[in-house]
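fold the stuff below for me.
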Amino acid sequence: MRRRHRDPLYCVPVNANDGALGEQHLRDFHRRQSWLRLQANGS
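Got it, this is the predicted structure:
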């Protein structure tokens with residue numbers, strides 16, 4: 001099932017030329033993914 005996210009930056013394409021902003025998007029993505037895994041495992 002697909003859900004729509006209210007956060008417009010939930011899924012942002014990032015490439016090697018994006019610099020610091022791209023790095024921030026990657027950190028945010030990894031933080032969200034870690035949170036989702038914890039929620040799925042019931043932790």
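
list of residues touching stretch 14-23?
25-26 (CB atoms under 8 Å, 6 or more residues apart in numbering). In short, each C-beta sits where N, CA and C put it, glycine included.

in that stretch, what's buried?
Going by neighbour count (16 or more other CB atoms under 10 Å), nothing in stretch 14-23 comes out as buried.

now stretch 17-34: mean pLDDT?
Confidence over stretch 17-34 (mean pLDDT, whole number) is 88.

can you show me the CA trace of it as PDB?
Below are the C-alpha coordinates for stretch 17-34, written out as PDB (Å, rounded to 0.1, in the frame of the first residue of the first chain):
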ATOM      1  CA  ASN A  17      27.000  17.400  -7.200                       C
ATOM      2  CA  ASP A  18      24.500  18.400  -4.500                       C
ATOM      3  CA  GLY A  19      27.100  19.200  -1.900                       C
ATOM      4  CA  ALA A  20      26.100  20.000   1.700                       C
ATOM      5  CA  LEU A  21      22.400  20.200   0.900                       C
ATOM      6  CA  GLY A  22      22.500  16.700  -0.600                       C
ATOM      7  CA  GLU A  23      24.400  15.400   2.400                       C
ATOM      8  CA  GLN A  24      21.700  16.800   4.700                       C
ATOM      9  CA  HIS A  25      18.900  15.200   2.600                       C
ATOM     10  CA  LEU A  26      20.700  11.800   2.900                       C
ATOM     11  CA  ARG A  27      21.100  12.200   6.700                       C
ATOM     12  CA  ASP A  28      17.400  13.000   7.000                       C
ATOM     13  CA  PHE A  29      16.500  10.000   4.900                       C
ATOM     14  CA  HIS A  30      18.600   7.600   6.900                       C
ATOM     15  CA  ARG A  31      17.200   9.000  10.200                       C
ATOM     16  CA  ARG A  32      13.600   8.500   8.900                       C
ATOM     17  CA  GLN A  33      14.400   4.900   7.700                       C
ATOM     18  CA  SER A  34      15.900   4.000  11.100                       C
END
